[in-house]
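1. Predicted model, plus sequence, below.
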Amino acid sequence: MIAPGTSEAIAAARGLVWPGGPLYRDAHYLMAEVELDADRAAPWVPFPLRLDRPARATLFTAHFPWTAFGSVYCEAGLLLHVRLGPVRGVFCPWMIVDDDTALIAGRELLGYPKKLGQVAFERSGDSIVSEASRRGERLLTLNAKLGERIEAPPPAIGQLHFNVRSALGVSVPKLIAFRPAERPIEVREATASLRCDPARRDPLSTLGLGDVLSARLHRVDLTGGWPPVPLCPVSPRWFASNLLVRVH
């Protein structure tokens, strides 16, 4: 395990690569970058991570028409833009999927706090309508009108990820890091509208999410390979205070 904030931790984070064969083909990610209230979002981020400045988040809905493990499913999630020392990345405090295999694999292997829910993702020409709900409550609505193709796009999911991986009980939660490898198929600019509804078990609306700053549709292939790198333990107090958001 690598001590937090050390040169070894930063070097490990910078050099992470995710080689291997295809796990997803033609994955569709509709992603909206939004303003974020740093004071309200900070408790969702474990030390030694810190929110990047200015505070930003990416909300997304996604559709996976082909996976190496045989599931066709949809997903919705939140990525907070963070830093570990000088290294930028994203941290995922919330995600729902509509497939149990994807839920188990994502939680156990990569630390995504996946919960079962309902996610609709429909594309008709240049229009996308997507919605995420859980336990009878609508959580997230993300609709978009697609624009021009981007020839040199930034990555969608192929950036440095920090997650917390732990089993309930005596296991110590650990901060892990990894970087998926993505191959863009097509990336389009988008004009998006976003709505987050209040919900007791999934309190996205309490984060102080602001205006949509930019939006894109990414169609990508994703590959997998080496396991994530453990960086350091996470405070049990932080884990306990965020447990209900992750599992409730």
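-> That came through fine.
2. where does the chain dip in pLDDT?
-> Applying pLDDT under 70 to the chain flags residues 1-21, 167-170, 225-226.
3. ok, 50 please
-> For the chain, the stretches with pLDDT under 50 are 9-19.
4. Show me what Arg183 bridges to in the sheet.
-> Arg183 forms beta bridges with Asp221, as assigned by DSSP bridges.
5. In this structure it contacts Asp221, no?
-> Yes - contact criterion CB atoms under 8 Å: Arg183 and Asp221 qualify, at 4.5 Å. All C-beta atoms are positioned from the backbone trio N, CA, C, and that covers glycine.
6. what about the two, which has more around it?
-> A direct count of neighbours by other CB atoms under 10 Å for Arg183 and Asp221 places Asp221 higher, at 16 against 11.
7. give the contact list for the more buried one.
-> For Asp221, the contacting residues are 22, 24-27, 182-183, 185, by CB atoms under 8 Å, 6 or more residues apart in numbering.
8. which one of those residues is nearest Leu204?
-> Checking those against Leu204 with CB to CB, the nearest one is Ala27 at 22.4 Å.
9. And the contacts of Asp221, which of them are buried?
-> 24-25, 27, 182 (16 or more other CB atoms under 10 Å).
10. all helices of the chain, in order?
-> Counting by DSSP state H, residue ranges of the helices within the chain are 7-15, 38-41, 100-110, 236-247.
11. contacting residues around Pro228?
-> 109-111, 163, 165, 176-178.
12. so which of the residues you listed would you say is closest to Leu80?
-> Asn163 (11.3 Å).
13. Quick check: closest non-adjacent residue to the closest one.
-> Sequence neighbours aside, Gly111 is the residue nearest to Asn163 in space, at 3.2 Å (criterion: CB to CB, 6 or more residues apart in numbering).
14. which residues sit in contact with the one you found?
-> So Gly111 contacts 163-166, 176, 228 (CB under 8 Å, 6+ apart).
15. Which pair of the buried ones among the contacts of Asp221 spans the longest distance?
-> It's Arg25 and Glu182 that sit farthest apart of the buried ones among the contacts of Asp221, by CB to CB, at 11.4 Å.
16. so of the buried ones among the contacts of Asp221, which ones are in strands?
-> 24-25, 27, 182 (DSSP state E).
17. And for Glu108, the neighbour number?
-> By the criterion of other CB under 10 Å, Glu108 has 12 neighbours.
18. now it: how far from Pro228?
-> 11 Å (CB to CB, to the nearest Å).
19. repeat for Arg88
-> Where Pro228 is concerned, Arg88 sits at a distance of 18 Å (CB to CB).
20. Thr58 is in contact with Ala76, correct?
-> No - under the criterion of CB under 8 Å, Ala76 makes no contact with Thr58, lying 11.6 Å away.
21. which of the two has more neighbours?
-> Neighbour count, other CB under 10 Å: between Ala76 and Thr58, Ala76 has more, with 28 against 23.
22. so what's that one up against?
-> Ala76 sits in contact with 59-62, 95-96, 117, 119, 130, 132, 139-140, 142, where contact means CB under 8 Å, 6+ apart.
23. Understood, closing this out.
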